[in-house]
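> Fold the following.
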Amino acid sequence: MEINEMQEKFLEQQNELRDRITVEDSLDVDSLKLIAGVDLAYWQNGDEEYAVCCIVIVDYMTHEIIEKKHYSGKIEVPYMPGFLAFRELPLVQKTVELLENEPDIYMFDGNGYLHPRNMGIATHASFYLNKPTIGVAKTYFRVDNKTDYIEPEKTAGSFTDIIINEQVYGRVLRTHSDVKPVFVSVGNNISLDTATKITMALVEKESHIPVPTRYADLETHIERERLR
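From the prediction side, this is the model:
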């Protein structure tokens, strides 16, 4: 399939799924038990590209690691801006199939609603995982190549909303005082306020990144070194 044809097909899928996004809570935060952090790492082997997906499930209250799983494979979809989920979702789904515990929420090291069509990996994956999802990115994704973010105050818990065309796409969140912020966006079936609350509850002193995606990120580096 040619890239142009592939883009048209993917765009049609994104627009169809976009109408089904829910930015309201489908769960009670007080009942949360298990949170799954999801991340991927890539490497090149000759002309072929590979990746490993790592999922780490943690206890929401204690932050204890409950389970770790990974799955690796060849990337079949070329890189196209705005269509990252189509590259990553097959590996995410394979890794989820290995899980022995069922998480209440999936938290992705990446974006969700903060995307040109509100279909970042955290949102796109939600339709296949059937769970609420959150995107927490370490770097800012400029949706329209124009809109920049406003720095929140330096204190922990401070935030500013990312507003594009008078619509809130995400949130710039300072998880620790005087450290760089993270970028929180709704995946699906959750509100931005609840996503922010959960993110703050999962941050520890050692890092400004929430523990589920921090642990998943660390695992991807370990597995990539082992596999390539």
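
> From here on, just use CA atoms for contacts and neighbour counts.
Fine.

> and Val38, what element?
strand 34-45 (DSSP states H and E).

> Tell me where this structure has helices.
Along the chain, counting by DSSP state H, helices occupy 3-18, 84-98, 121-129, 192-201, 211-227.

> Report the mean per-residue pLDDT for the fourth one.
Meaning helix 192-201. What helix 192-201 shows for mean pLDDT is 98.

> Also the second one?
Averaged across helix 84-98, the pLDDT comes to 97.

> swap in stretch 37-55?
The average of the pLDDT scores along stretch 37-55 is 96.

> How many residues are close by His70?
His70 has 23 neighbours, counted by other CA atoms under 10 Å.

> need the contact list for it.
Val52, Cys53, Cys54, Ile55, Thr95 (CA atoms under 8 Å, 6 or more residues apart in numbering).

> now, the most widely separated pair of these?
Val52 and Ile55 (10.1 Å; CA to CA).

> For these two, indicate the residue with more neighbours.
Higher neighbour count among Val52 and Ile55: Ile55, with 31 against 25, using other CA under 10 Å.

> So what sits opposite the residue most central in space within the chain in the bridge?
Centroid-nearest residue in the chain, with CA atoms, centre = their mean: Phe108, separated by 2.3 Å. Beta bridges link Phe108 to Val38, Gly135, judged by DSSP bridges.

> isn't it right next to Ser126, touching?
No: judged on CA atoms under 8 Å, Phe108 makes no contact with Ser126 at a distance of 10.5 Å.

> Are there residues contacting both of these two? Which ones?
With contacts defined as CA under 8 Å, 6+ apart, the residues adjacent to both Phe108 and Ser126 are Thr133.

> before we move on, the earlier item: so which of the contacts of His70 would you say is closest to Leu227?
Closest to Leu227, out of all of those and judged by CA to CA, is Val52, at 8.7 Å.

> What about Gly73, how many residues nearby?
By other CA under 10 Å, 14 other residues sit near Gly73.

> okay but it is in contact with Ala51, surely?
Yes: with contact defined as CA under 8 Å, Gly73 counts as touching Ala51 (5.8 Å).

> What is the end-to-end distance of stretch 196-206?
Using CA to CA, to the nearest Å, the end-to-end distance of stretch 196-206 comes out at 19 Å.

> So which bits of stretch 211-224 are buried?
Val211, Pro212, Thr213, Arg214, Tyr215, Ala216, Asp217, Glu219, Thr220, Glu223, Arg224 (16 or more other CA atoms under 10 Å).

> hmm, who's touching the helix or strand of the chain with the lowest mean pLDDT?
Between all helices and strands in the chain, the lowest mean by mean pLDDT, DSSP states H and E belongs to helix 3-18, at a mean of 94. Residues from elsewhere that reach helix 3-18, judged by CA under 8 Å, 6+ apart: Met80, Phe83, Phe86, Arg117, Asn118, Met119, His124.

> Buried ones among these?
Neighbour counting over these (16+ other CA under 10 Å) leaves Phe83, Phe86, Arg117, Asn118, Met119, His124 as the buried ones.

> Now tabulate these in CSV and tack on distance to Gln167.
Compiled in CSV, those are given as follows (distance: CA to CA, whole Å):
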residue, distance to Gln167
Phe83, 21
Phe86, 25
Arg117, 12
Asn118, 11
Met119, 15
His124, 19
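
> just the residues you listed now: which is nearest Glu102?
Set against Glu102, the nearest of the buried ones among the contacts of helix 3-18 by CA to CA is His124 (19.0 Å).
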